[in-house]
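J.: Model the structure of this input:
(one chain, ligands or ions: 1)
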Amino acid sequence: MPNSIAFNTADGLNDIYRRPGGLLKHKGYEAMVHRAPNSFTMRGGKDHLRRRRILGEGLSDKSLRVYEPRILEHINKFCDIIAGTVDQDGWSSPKDMASYCNYLSFDVMSDIVFGAKYNLLEIDRFRYVCKVIEKSNERMNVLVHAGRWATLKLLDRFLFRRAIFARNRFIRFVTRLVGDRISKSKSVHQLESMDVFSHLQEAKDPSTGHSLSANEITAESTTLIVAGSDSTSTSITSVLFYLSHYPEVCDRVTAEIRNNFTHANEICIGATLFSCRYFSACINEAFRMSPAAGSCLFRELPNHGAVIDGETLPGGSNVGVGIYSIHHNPTYFPDPFTYRPERWIVGLDDATQGSLEKGLSVLNPFSVGSRSCVGKSLAMMELQLTLASVLHRYDIKLAEGDLGRIGEGHADWEYGRHREHEYQLYEYITSSKMGPYLQFRARKDQP
Ligand code: HEM
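T.: Down below sits the predicted model:
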């Protein structure tokens, strides 16, 4: 795109995303609008701020405390299922974490957003939804980044026939989901049923007193499912990929979790989990290495132009920072393609306060500023609870043979995909992925 410039510096990140007043998202985001814009696709302005405030309530710390027990139920089911039947040494059969984490995240998101129990973890019937979201995003990604395709309707239909079919299937699924939720809201008014949808239904515009329309509520809740499930699943699989490829790191973080929680049912969001510094470092390092949304999130400069990272640029240009790129910039992260959680803890390895601050200044898997991820706390809750529960209950190992190689790069693949110890993600707004295939064994010293 000749009018778009990507920066790869901390100053660029600040000038673009933390700018007072914010920059508009670039026009390509409009390609994602269906029926009504939502907080993700709105380019900016007061409407976006209002919408974001409403969502913020549904995803506030207070709401998350209500959701936590429900999230833990899904996670416990996930833990039971991944262990499944075991061989004579107690190891489960290899499980594809990409699929199981997709099911888990979808179950959590549909429960938290709609109060719906689809139980993809146990039942096949609705698993197709994860696949159609991914397929549909292949096309969306092209439309967002190269909007002109959208105007070439015949070509669009020809090239993306299957993606369009997938999108229509997803829309039919969501229409039914919303319909079910609306009928439920007429009969149920208990706290247990609280979900993000109920916040959207109850919200009123403070200036006009108007509620959101049915189309707006649908658009908003749909985007939460799409934005929230795939990205969280990728982030969980990514940590599991690195732990299974760096056994000494895995041993260390497992010991930390087991030393801090005697029983798995003690695991919850709170001071003890936050005190597990190595655990947090493992998550940060996976976010850095394989961010779920790794591309350049373009913003449009105002008509009068702007100075970005010392460069004067004309109005209308698109500017952004590639999240994957800056996470691998050696200025901020020496030896950027090695998974090294120690870099996030001062005093361990060669990490100093200065190097830590440098790294933190550009670590942005959730983006930064006024358009950063509104679901970050929910995502972190699911991610931390899932990983801590798995590590507490199970020893893990990579499947043997070719199965264990799935998700890795290969020396004879093209440059950039050649690193065996790098989890391979494929950018489609969020990411698609395969593997890792892991085996689980109940820990021997089970308390
Ligand atoms: C680890 C998991 C997640 C990651 C890595 C992630 C990442 C991101 C990123 C990078 C953005 C900025 C996108 C852009 O500017 O185009 C974003 C925005 C957003 N995310 Fe997330 N996200 C995650 C989980 C979630 C969850 C669980 C939800 C819903 C509950 C969610 C809802 C949203 C929404 C609505 C926006 C748009 C916010 C706005 O523009 O004001 N995300 N996310």
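J.: OK, now which residue of the stretch 151-300 of the chain is nearest to the ligand?
T.: Gly228 (3.1 Å; Cβ to the nearest ligand atom). Any C-beta I mention is one placed from the backbone N, CA and C, and that applies to glycine too.
J.: residue contacts, Cys296?
T.: For Cys296, the contact set (Cβ atoms under 8 Å, 6 or more residues apart in numbering) comprises 6, 320-323, 325.
J.: Pull up the residues of this protein that are close to the ligand.
T.: Within the chain, the positions near the ligand by Cβ under 6 Å from any ligand atom are 39-40, 52, 59, 223-224, 227-228, 231-232, 235, 292-293, 297, 365-367, 371, 373-375, 378-379.
J.: follow-up on the earlier one: could I have the buried ones of the contacts of Cys296 as ChimeraX selection syntax?
T.: Buried residues within these, by 16 or more other Cβ atoms under 10 Å, are selected in ChimeraX with:
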select :6,320,321,322,323
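J.: what residues does stretch 79-90 touch?
T.: With contacts defined as Cβ under 8 Å, 6+ apart, stretch 79-90 is touched by 92-93, 95, 100, 121-122, 264, 389-390, 393-394, 438, 440-442.
J.: Give me the buried entries from those.
T.: Neighbour counting by 16+ other Cβ under 10 Å classes 92, 95, 100, 121, 264, 389-390, 393-394, 438, 440-441 among the contacts of stretch 79-90 as buried.
J.: Per-residue confidence, whatever residue of the chain ends up closest to the ligand, what does it come out as?
T.: When distances are taken as Cβ to the nearest ligand atom, the chain reaches nearest to the ligand at Gly375, 2.2 Å away. What the model reports as pLDDT for Gly375 is 96.
J.: For it, give its distance to Ile269.
T.: Plainly put, Gly375 is 15 Å away from Ile269 if you go by Cβ to Cβ, to the nearest Å.
J.: pLDDT value on Lys186, please?
T.: On the pLDDT scale, Lys186 gets 65.
J.: And for Lys204?
T.: 82.
J.: can you point me to the longest helix in the protein?
T.: helix 214-245 (DSSP state H).
J.: So for that helix, mean pLDDT?
T.: Computed over helix 214-245, the average pLDDT equals 94.
J.: so can I have TSV of the contacts of Cys296 showing pLDDT and secondary structure?
T.: Listed next are the contacts of Cys296 as TSV, based on pLDDT from 0 to 100; DSSP: H, G, I helix; E, B strand; the rest coil:
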residue	pLDDT	secondary structure
Ala6	97	strand
Gly320	98	strand
Val321	98	strand
Gly322	97	strand
Ile323	98	helix
Ser325	98	helix
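J.: could you pull out the helices for the stretch 201-350 of the chain?
T.: For the stretch 201-350 of the chain, applying DSSP state H, counting those that start in this stretch gives helices covering 214-245, 247-260, 271-274, 277-289, 323-327.
J.: Surely the residue of the stretch 151-300 of the chain closest to the ligand is in contact with Leu378?
T.: Yes: contact criterion Cβ atoms under 8 Å: Gly228 and Leu378 qualify, at 7.0 Å.
J.: follow-up on the earlier one: do I have it right that the residue of the chain closest to the ligand meets Leu224?
T.: Yes: between Gly375 and Leu224 there is a contact under Cβ under 8 Å: 6.9 Å.
J.: Comparing those two, which residue is more hemmed in?
T.: Between Gly375 and Leu224, counted using other Cβ atoms under 10 Å, the more crowded position is Leu224 (26 against 22).
J.: how big is the angle separating the longest helix of the chain from helix 277-289?
T.: 110 degrees (axes from the mean of the first three to the mean of the last three Cα atoms, to 10 degrees).
J.: tell me the angle of helix 214-245 relative to helix 247-260?
T.: 110 degrees.
J.: what distance separates helix 214-245 from the centre of its chain?
T.: 4 Å (Cα atoms, centre = their mean, to the nearest Å).
J.: Buried residues of it, list them for me.
T.: Neighbour counts over helix 214-245 (16+ other Cβ under 10 Å) mark 216-245 as buried.
J.: Please apply the same query to stretch 346-357.
T.: Buried residues in stretch 346-357, counted by 16+ other Cβ under 10 Å: 351, 355.
J.: And for stretch 403-422?
T.: Neighbour counts over stretch 403-422 (16+ other Cβ under 10 Å) mark 404, 406-409, 419, 422 as buried.
J.: can I get those residues in JSON lines with secondary structure and pLDDT?
T.: Converted to JSON lines, these look like this (DSSP: H, G, I helix; E, B strand; the rest coil; pLDDT from 0 to 100):
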{"residue": "Gly404", "secondary structure": "helix", "pLDDT": "97"}
{"residue": "Ile406", "secondary structure": "coil", "pLDDT": "98"}
{"residue": "Gly407", "secondary structure": "coil", "pLDDT": "98"}
{"residue": "Glu408", "secondary structure": "coil", "pLDDT": "98"}
{"residue": "Gly409", "secondary structure": "coil", "pLDDT": "98"}
{"residue": "Arg419", "secondary structure": "coil", "pLDDT": "97"}
{"residue": "Glu422", "secondary structure": "coil", "pLDDT": "98"}
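J.: Just flag the most distant two among those.
T.: Maximum pairwise distance among those (Cβ to Cβ): 16.0 Å, between Gly404 and Arg419.
J.: What segments of the chain are strands?
T.: 4-7, 24-25, 95-96, 299-300, 306-308, 311-313, 318-321, 394-398, 426-428, 430-432, 437-442 (DSSP state E).
J.: Mind listing the strands the longest one pairs with, and their directions?
T.: This points to strand 437-442. If you go by DSSP bridges, strand 437-442 pairs up with strand 95-96 (antiparallel), strand 394-398 (antiparallel).
J.: can you list contacts of stretch 135-146?
T.: Residues contacting stretch 135-146 (Cβ under 8 Å, 6+ apart): 1, 28-29, 31-32, 149-150, 156, 160, 162-164, 166-167, 170, 226, 230, 295, 427-430, 432.
J.: roughly how far is that stretch from the heart of the chain?
T.: On Cα atoms, centre = their mean, the centre of stretch 135-146 falls 17 Å from that of its chain.
J.: Begin at 18, not 1, for the rest of this chat.
T.: Yep, numbering from 18; the last one is stretch 152-163 now.
J.: Would you mind extracting the C-alpha trace of that stretch into CSV?
T.: Written as CSV, here are the backbone C-alpha positions of stretch 152-163 (Å, rounded to 0.1, in the frame of the first residue of the first chain):
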residue,chain,number,x,y,z
LYS,A,152,-12.2,-19.6,7.0
SER,A,153,-14.3,-16.4,6.9
ASN,A,154,-11.3,-14.4,8.5
GLU,A,155,-9.1,-15.5,5.5
ARG,A,156,-11.2,-13.2,3.3
MET,A,157,-11.8,-10.5,5.9
ASN,A,158,-8.0,-10.2,6.3
VAL,A,159,-7.6,-9.5,2.6
LEU,A,160,-10.5,-7.0,2.6
VAL,A,161,-9.2,-5.2,5.7
HIS,A,162,-5.6,-4.8,4.3
ALA,A,163,-6.4,-4.3,0.6
